[in-house]
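In: give me coordinates for this.
(chains A, B and C)
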Amino acid sequence: MTYYRWTAILAVLLLALAACSPTPSGSVSGSGAASASASGGATGDPETVCAEDEFGCVEVGDGEAIRIATALVINGPDSNLGLDAQYGVEVANEERPEIAGHEVELDFNDDGCSAEGGTTVAQNLASDTTIAAVIGTSCSSAGVPASEILSDAGVVLLSPSATAPGLTLPDARQPFFFRTAHNDEIQGAAMADFAYNVLGVKTAATIHDGGPYTEQLQQVFADSFVELGGEITGTEAVDPKATDVSGQLTSLAAGTPEFLFFPIFTQAGGQVARQAHQTEGLEDTILAGADGLLSPAFIEAAGAENAEGMYLSGPQADFGDRYQDEFLPAYTDVSGEEEPISAFHAHAYDAYNIIADAIEAVALEGDDGTLYIPRTALKDQIAGLSNYPGLTGDLTCNENGDCANSTITVREVREGEFVPIWNSVEGDLE
Amino acid sequence: MRATRLVPAMRIGLIAGLALVFIVTIGFVETVARREVLTDLLSLSTTMIGMVAVLTGVVAARPTADAGEPLPGTAALRGAVAGLVAAVVVTLFAAFSSAVDLSHMFPNLRGHAFDTVTFGLDLPVAAVVLAATGAILGALGGILRALPPLPTRMVVTAGIVVVVLSIMEQVFRVMLTELGLRDVARFFYASGALTVPGAVVVAILAALGTWLARAPQSPVRAQVQRVRARTDRRTSVILYVLVGLALLILPQLIGRFPSDVVGNAGLYLLLGLGLNIVVGYAGLLDLGYVAFFAIGAYSVALMTSPQSFLDLQWNFWLILPLVMVLAATAGIVIGAPVLRLRGDYLAIVTLGFGEIVRLLFLSDWLKPWTGAGQGVLGIPGPTLPALEVPSKDPESIYYPILFFCVLGAIVAYRLANSRVGRAWNAMREDESVAEATGINTTNYKLLAFALGAVFGCLSGALFAAKIGVVFPHSFEIIVSITALAVIILGGMGSIPGVVVGALVLVGLPELLREFDEYRLLVYGAVLVAMMLLRPEGLVPSAMRQRELHESDEPEDQYDEEAGVDTGRPAVSGGAA
Amino acid sequence: MIRRLSLVTVTLWLVAAIILGAMIWGSILTLSKGAFTVTQWRDLIINGVALGAVYALIALGYTLVYGILFMINFAHGEVFMAGAFTAYFAAAALADAGMIDSQPVVALAIVFAVAMVTSMVVAVLLERIAYRKLRNAPRLVPLITAIGASLFLQYAFRGLYGSSVRSYPNVPALDGTITIAGIPLRATQLMVIVSAIVLMAALWYLVNRTRTGRAMRAVSEDKETAALMGINVDQTIVRTFAIGGLLAGAAGVLYALIFSHVTFAMGFLPGIKAFTAAVLGGIGNIAGAMIGGFSLGVLEQVGPNLFLSGFGVPGANQLRDGIAFTVLVIVLIIRPTGILGRKES
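Out: Numbering: from 1, shown residues only, chains lettered A, B, ... in the order given. Just a heads-up that it's a prediction; the model follows:
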């Protein structure tokens, strides 16, 4: 073995590995140096406040940037979910590049949409003492370990899209975890309400894909549906990458349900929509899904003619004029996408602004221009959020960290478009 | 023409050019372009393309069977030609992609995919610049090949060290800052990369270090050799103690996140050690090794978590013996049906077992017991009852992982050199012969499966305790394949090899964020490249090296085709 | 020693018997409950046969290569994906041009040709770059190479064509059903089954009646002797890979016609399944690959509902792959060389 082969192998390896590293910080520069002398809204002596705070302070030197991190799924098959939220954060950052006189530097990370990914990213962020707060995670499976790790380190974690009820259960929730996304307890119940009371169906079947989010959501739906007086005729599971789902559909067809709820993701969801009406016993069954299918990619995967007439639940669809006239154009600029690629961009936008406001409310400025952000005070400030005029509605945090506007909208697929027809507050929209 | 051998050089240039086009088309280059190697001067993508060009030159200038070692001039010429051809190929593709919009088919060719390659210049200008650069870098590569070994080694080492230090900015900058050397950190690093002066210093130091370690007249080298020659017990004991101490203080030195990464690498190290017993020692290709990882993780989760249906809340350490017994049983249960199957059948059946185990943990059927998609939450760390210390943060969990890795390595080492190990060797080389010499292959196979399972389950147990939650999606086949890649890269049957494999394949990618996009592509390439170029691995075991090379020695086809082995005397002193 | 070995064997047979018994008992329970209609069973079986036809075509690629090189080309699933994915672009272009509506036969022929040629090129390149040098290496080496090649190809195609799911255009000519012997078959399924049978017949003819086939059989018997007899071994091996690739490419389009979706990851699972099918039937054995493919397809469709729903197992179809692998293990316990046996190396 000569030196060359060694070197070549090593070099190739290193390159290959190195090559995959991203920009160290996806900094979005604001308007140059922070010249404004705005100081924090709070008063007091930074040294005493920081010493008294259980987790101390984030210190941002004069002229240094405040660092806000994201932990969203931005690679892999679920990347639409995370990128959509990331664009929301970027829009908010462009609108508001400075907090308390300091430029904001965004640090984009991937939560992998898995427990391991959540652990890794949380350890990374928890070890970086310059991170003021984290927007994330995208997925509930990542959120469970991440919220624990970051809470132990006193870092606020504000999720725009992790909807699993477990994250805010009173006995399991982590003190530094909050979310601007709805809790699936609400979405499942709203869908059951819509199916039973609006559509008037009495029997339903459900499909999940084994992921914590889909499994939980169909369970909440099923429980609420039964509580309303309906009957669940069967539950099946598909693989998220499944192509052949006819076995599952036949098994469900045995119970001849009137309504089939499959809150899963694009690929398997497309197959269910394609194959359902070919299955004897499901020809006339009403099909329904949730926010995982709320993207143009699903219409393509299912074929427009198969998706036609489906009902899809999700967060409120239209957040008013400000959303239409200001947010969406900015979103298009930032992302290069003509329309949102998933449903949680506005929640991420709100998350950024909630954090920014909270920092401005609690931060203290030292004599040398250093900004001190006490960590526990920051958490308490967010926990006390009340009637906050967010893009997604009036937001108030409850004692468990749920801060969302909980209006659930049901859309019908009409000629390949998602048309909002009902929401859980106003009822029929047409 | 024949003497200078330009046609093969052109062929190499063509291949290099196509390879470059390929990595541009899959979006690799664009991803890398966002990262800098030298602040405000050199992006990683440019570095990478440059290195490909230099490498092309090196390969093009390799000695040939009929002409032997080329003269420096010839080497430079060949390198230049190869570099030029590569540049022409890239230019042609860049021109084509800017003329015809291919982004519908190749999403990564959207917009300015080739800008990095063409330096953002207009095509006619870029063509000239590219051709010149390609030729110059290729020639450099050729000259590098023709230089005496020591200067070459110094240049190459300096280059690699600069790139590595720059890429690992995240770790080193934090380390320097933590050590109170904030100004030093500022000198070397700025906005995520090495500064130019920093890089110069690093390169000089690296070159100097190489000279000291390798040059015949270097005093350090003589010293090292003297120590090496004196392989008495005392020296090695001192060495082990030093390494041990370093490992013990490591988490305090590197801090939280790198400790977490080392911990993850440790989990795969343990997996690799176990899989090494099954694949490396006994020669049974197990593609369902993740089954044991899952069983270990779920046993710990169910017996320690307050949220499991068992609600036992036992201590991690108390149940470990139980987990090991369970593991060995699982190993035998899975091993028994495959006893009579040879190589290829074994692969698919074990793969099937891995899937069955995952599906069972995922299934609605077992949901009351395993939690199905909801997983098992709230798993406590491996607390020692006597010690009231936090046990789950990365710096603490590092110690149990280290403990089991060291223990595992010792066990694996003793096994390899025991009667059992020799029996496995015999069995791996020829099962029928082994049986004829009185080795009970049934028992030895089951033993390999059982022992491998114990290692896998231990790793899974630590995984569950470390991360605190288990979900079925953590146990997909990719875990088996990663573990396999770990032992292949390092060298099948080699314990140091497993360490290297785990650090490079599991540790590095976690340090380099956003690696996920191309991680599996690189794993695949590593598996293929290693098997073609160096099947015995980077740090091979002596026996495996003999085995893999005795068959091709008579024909010598292996070395000739790989091309780099013949001609020059080995300079690395046979480190391989 | 013989006694101990037989102890293991006896235990295994017992386990196999218990599982088989449970399957039969479950089937009886399911059928006596009568939850499913006859039509539903019939549809499941037809779906299974169509799926099995695709598996069989892929499995033939595994078997052909195994028959000659005694190596498992683990990356064959990716060869299948490469064809189907590349042909998507041809199909989409043809749909845009209106060809699929106006000239369905010509359009489908073009799509098939693109897929088959792509898969063939990938298979041949694979042999040339990754496998040729390893022909005399220990058996683990090419197998690991193949696993690596599988990963590499998967993610290379992801890089090339992107990670999103693409949907094949609908072929109006294949809408609707055709009734044969009183059984209504969807035109797509009929087309898949018929094309698969035609391709298999062509393969049989090629192997048993042509010079190339004779060369393949000779090389498979003994490479050295074949070389002495004037057969170009390298060329024969390349041809074998090419034929396997052609079949996989065709299988890719058939698969895409049934399920519409193509993605970079679509090859992995069908690849594993086809590999299972080949082993089930007896690897290296062409008839075995066909039998294995069809039985696996039907087993997957019918199995969970038949064996498990009688026991009231929730989410029975989730365990589909588990059932397939369990049956594989049982078959291998009873017949270690698969249903039809295999060629020994």
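
In: which residues are in contact with stretch A:225-235?
Out: For stretch A:225-235, the external contacting residues (C-beta atoms under 8 Å, 6 or more residues apart in numbering or on different chains) are A:192-193, A:195-197, A:201-208, A:218, A:222, A:251-252, A:254-257, B:364, C:314-315. (Glycine included, C-beta is placed from N, CA and C.)

In: tell me the contacts of B:Leu484?
Out: Applying C-beta under 8 Å, 6+ apart, the residues near B:Leu484 are B:275, B:279, B:287, B:289, B:527, C:144, C:147.

In: can you count the residues close to the last one?
Out: The reference is to C:Ile147. Neighbours of C:Ile147 under the rule other C-beta atoms under 10 Å in any protein chain shown: 26.

In: secondary structure element for it?
Out: Using DSSP states H and E, the element containing C:Ile147 is helix C:140-161.

In: restrict that helix to CA atoms and write it as PDB.
Out: The C-alpha trace of helix C:140-161 is given here as PDB (Å, rounded to 0.1, in the frame of the first residue of the first chain):
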ATOM      1  CA  LEU C 140     -18.900 -11.400   0.900                       C
ATOM      2  CA  VAL C 141     -17.000  -8.800  -1.100                       C
ATOM      3  CA  PRO C 142     -19.300  -8.500  -4.200                       C
ATOM      4  CA  LEU C 143     -22.400  -8.700  -2.000                       C
ATOM      5  CA  ILE C 144     -21.300  -5.700   0.100                       C
ATOM      6  CA  THR C 145     -20.300  -3.900  -3.100                       C
ATOM      7  CA  ALA C 146     -23.800  -4.500  -4.400                       C
ATOM      8  CA  ILE C 147     -25.400  -3.100  -1.200                       C
ATOM      9  CA  GLY C 148     -23.200  -0.100  -1.600                       C
ATOM     10  CA  ALA C 149     -24.100   0.300  -5.200                       C
ATOM     11  CA  SER C 150     -27.800   0.100  -4.300                       C
ATOM     12  CA  LEU C 151     -27.500   3.000  -1.800                       C
ATOM     13  CA  PHE C 152     -25.300   4.900  -4.200                       C
ATOM     14  CA  LEU C 153     -27.700   4.600  -7.100                       C
ATOM     15  CA  GLN C 154     -30.700   5.400  -5.000                       C
ATOM     16  CA  TYR C 155     -29.300   8.700  -3.800                       C
ATOM     17  CA  ALA C 156     -27.600   9.500  -7.000                       C
ATOM     18  CA  PHE C 157     -31.000   9.400  -8.700                       C
ATOM     19  CA  ARG C 158     -32.500  11.400  -5.900                       C
ATOM     20  CA  GLY C 159     -29.800  14.000  -6.600                       C
ATOM     21  CA  LEU C 160     -30.500  13.900 -10.300                       C
ATOM     22  CA  TYR C 161     -34.300  13.800 -10.500                       C
END
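
In: what about the next helix or strand after that helix, average pLDDT?
Out: Following helix C:140-161 in sequence order, the next helix or strand is strand C:166-167 (DSSP H and E). The average pLDDT within strand C:166-167 is 85.

In: what pLDDT does the most centrally placed residue in chain C get?
Out: Ranked by distance to the mean C-alpha position of chain C (C-alpha atoms, centre = their mean), the top residue is C:Tyr55 at 2.7 Å. C:Tyr55 carries a pLDDT score of 91 in this model.

In: which residue comes closest to it once chain neighbours are left out?
Out: Leaving aside its chain neighbours, C:Tyr55 sits nearest to C:Gly293 (3.9 Å; criterion: C-beta to C-beta, 6 or more residues apart in numbering or on different chains).

In: now A:Thr43
Out: A:Leu364 is the one closest to A:Thr43 (C-beta to C-beta, 6+ apart), at 7.5 Å.

In: burial of residue 78, as a residue count?
Out: All of this is about chain A. For A:Asp78, using other C-beta under 10 Å, the count is 23.

In: nope, chain C please
Out: C:Glu78 has 33 nearby residues by other C-beta under 10 Å.

In: check B:Gln252 too.
Out: Neighbours of B:Gln252 (other C-beta under 10 Å): 11.

In: separation between the residue nearest to it when sequence neighbours are not counted and B:Pro380?
Out: Sequence neighbours aside, B:Glu395 is the residue nearest to B:Gln252 in space, at 7.0 Å (criterion: C-beta to C-beta, 6+ apart). Using C-beta to C-beta, to the nearest Å, B:Glu395 is found at 17 Å from B:Pro380.

In: ok, C:Gly61 next?
Out: Distance, C:Gly61 to B:Pro380, by C-beta to C-beta: 50 Å.

In: so for those two, which residue has more residues nearby?
Out: Per other C-beta under 10 Å, whichever of C:Gly61 and B:Pro380 has more neighbours is C:Gly61, with 31 against 17.

In: was I right about the more buried one contacting C:Ala75?
Out: No - applying C-beta atoms under 8 Å as the test, C:Gly61 and C:Ala75 come out as separate, 10.3 Å apart.

In: right, I'll leave it there.
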